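**Student:** just coords:
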């Protein structure tokens, strides 16, 4: 029984309730399960209990019970967390799968009382005005459609995502080229932000409106399937749309899933070779949030000549790149510092390429590579495939 | 998690080295500021709750290095913040022939904290509590002196890491700090014994149908010197480990179960141990009328829930302990003399309060004594009041039957003190006064 009533308007109300009679603070969330390696970027950085998942659960209790008062001193403890889900994987208690939901609900509550985290208000201000969090003029993608000769109606929509469309355009272009080469019947739409930055930072007031807009756009294009090259968009469409009550009756794919399917069905084959050693960084939104670990590895391993090696922390134990959860905009130096650990781990593998399948990971890993002198290339899987080339199989 | 009342510290200090701690102790002693040592804050007795405010010294975050592992003399020299998970990983990767002894505590719990508080482990039937395996300590005393205790005591400067091989045939000053709950000084280094990591392993699950059938088994099993450990649980716990939240014990079911890990350097030796274990159970069933069955634990966990292996594959969080927000225990050392009475009376109290019986027990150091530990899981915001009543009643029963609680909160030490002989109390208070004349080290513990 929660001692004090929780505001009915809070979307994550049920997760706030969950914070009460769960968690004995056993601290299992602080290590990767059975591997005993640090897993929580926030706790490892700030050291105080409030920065670990168990501490945040106690902040929820304190705020709702009235033991804690709302003030700006709480902001960092609430917002300095990339919501990577390392804690969800490590925790063995019944509430394990909902720890990030609890943190996001705490943020939702915090936004109402003390405002968003540092710099994070910009995310929603920009998105309201320009429909993307990067403050770029909205692209309705008509130019791209013309350039790539895409139809108005198609079976598939390639949902580019803001990071690929406005920052990591190399991923966008490689993906479009791949889809063309694979002869997928696809088009682009005038997409707006997927809402991931809003949800992760607790600024959820317009999220459902944006979700419905995107669904309508996709349906208006006659599509029944969506493919995205962004792990964050993918996670949001797969999990959050339903949580917010948006009717997402469309099939959602990450590009890596489509590639794997086409390879399995022998509909495509690689043209060239990639004689380089690559290590794969698991994006949190695809890995721990969606439990997709082996599928990307299977695709890398099918690229002729490519040698895939693992960092010491991989799959569900992978260290976060540090960009998510509003950390990249809220705590930019620390975000790169988190990624720095991945740069060191990449060095240990001897790989020349650090690869991932998330444009946001690519951004932050590249920043860390520059800052810490990683001296290797940071590439998305699609960029590697673009270099190798594919062709439609005869079968 | 604990039912003990919270108190806030005034400050938290996260030291990096001994010099900073000396400075802190001198400051606190001059201005009479309480100092409460803290490592990972996992103790269910709430021993790091600052009863009188002051400064919490958090050793867990920056003084957490494994300073030396000595293969020859089988010990590890540790800073206080080293965790069980950290030590396990380090040994597995760098010294696979050695192992430490791990408690039924989460991986983030502190090795040194558990050793200083006589915690038990998964080698306890063989070696006793962790405190028995301390080779030496480095301590900051109230005067700001750095004191090295044990075989490392030679010399003026920093001790050679290879010199921490034993307690030595010298007055046992380690005892001034073990079980004192941080009331006599601050530990900055601790050497703990390691053990051969035998390659051949086999865990058993024994089930005991009569409520007290486990008692004769506990009296005898240690004497055989064949098992690493024996940890007994009420059958309700076994059910919780396979995923039943609030289990009941039905009339025809066993009352207790026990996990029995065995290991040996050769297959033949393991087979011989296996035979002796079976012989003991056959003998008890035949001669004492017990109804005990042995089950291969690996097969049991495969059949029901592989996660149940966490109960012997330590360090691991024990799954039955984590569903709620509240956790407490009455952890006691006990004699097996009146073990049946202890089991029966405690069981009756759980039944009276309509709470699933959660009891854990061990036979320690070849059966010289035991651990009897009723455990309480509860919802802090719903059930705490009722549970506190049960905890107190079980505490009284245990103390009446001669059990000695360990890792004790102050309400429990108050009950113990009522029964202790006056000479002990007088000496205890003299030692405390001598070690900490101004009463700044974890004040309030043991009702000081």
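**Tutor:** It's in. This structure is a prediction, so every number in the text was calculated from the model and none was measured.
**Student:** so how far is the helix or strand in which residue A:216 is found off the chain centroid?
**Tutor:** Here residue A:216, judged by DSSP states H and E, is contained in helix A:207-220. The gap between where helix A:207-220 is centred and where its chain is centred comes out at 19 Å by Cα atoms, centre = their mean, to the nearest Å.
**Student:** So which bits of it are buried?
**Tutor:** Neighbour counts over helix A:207-220 (16 or more other Cβ atoms under 10 Å in any protein chain shown) mark A:207-208, A:210-215, A:217-218 as buried. (Each C-beta comes from the backbone N, C-alpha and C, glycine too.)
**Student:** Likewise for stretch B:141-152?
**Tutor:** Across stretch B:141-152, burial judged by 16+ other Cβ under 10 Å covers B:141-142, B:147-152.
**Student:** Break the chain down into its domains, please.
**Tutor:** Just going to use chain A. A:13-114, A:121-262, A:270-392 (automatic domain parsing).
**Student:** wrong chain, I was asking about chain B
**Tutor:** Per automatic domain parsing, the structural domains of chain B span B:66-196, B:212-408.
**Student:** For residue 79, which residues are in contact?
**Tutor:** Because you didn't say which chain, this covers chain A. A:107, A:110, A:116-118, A:120, A:201, A:326, A:330 (Cβ atoms under 8 Å, 6 or more residues apart in numbering or on different chains).
**Student:** that's the wrong chain, I wanted chain B
**Tutor:** So residue B:79 contacts B:59, B:63-67, B:112, B:188-189 (Cβ under 8 Å, 6+ apart).
**Student:** again, only using 6 Å
**Tutor:** By Cβ atoms under 6 Å, 6 or more residues apart in numbering or on different chains, the residues touching residue B:79 are B:63-65.
**Student:** okay if I get the residues you listed as a markdown table plus secondary structure and neighbour count?
**Tutor:** Formatted as a markdown table, the entries for the contacts of residue B:79 read as follows, by DSSP: H, G, I helix; E, B strand; the rest coil; neighbours: other Cβ atoms under 10 Å in any protein chain shown:
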| residue | secondary structure | neighbour count |
| --- | --- | --- |
| B:63 | coil | 24 |
| B:64 | coil | 18 |
| B:65 | coil | 13 |
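**Student:** So what touches the helix holding residue A:216?
**Tutor:** For helix A:207-220, using Cβ under 6 Å, 6+ apart, the contacting residues are A:157, A:189-193, A:195, A:198-199, A:226, A:241, A:244, A:246.
**Student:** Rebuild the residues you listed as CSV, extending it with neighbour count and distance to chain B.
**Tutor:** Formatted as CSV, those follow (neighbours: other Cβ atoms under 10 Å in any protein chain shown; distance: Cβ to the nearest Cβ, whole Å):
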residue, neighbour count, distance to chain B
A:157, 25, 41
A:189, 24, 45
A:190, 15, 48
A:191, 27, 42
A:192, 19, 41
A:193, 28, 37
A:195, 27, 32
A:198, 26, 30
A:199, 27, 27
A:226, 25, 36
A:241, 22, 30
A:244, 19, 28
A:246, 19, 33
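**Student:** Just give me the neighbour total for the nearest residue in space to residue B:193 that is not next to it in sequence.
**Tutor:** Of all residues not flanking residue B:193 in the chain, residue B:133 sits nearest, at 4.0 Å (Cβ to Cβ, 6 or more residues apart in numbering or on different chains). Residues within reach of residue B:133, counting by other Cβ atoms under 10 Å in any protein chain shown, total 20.
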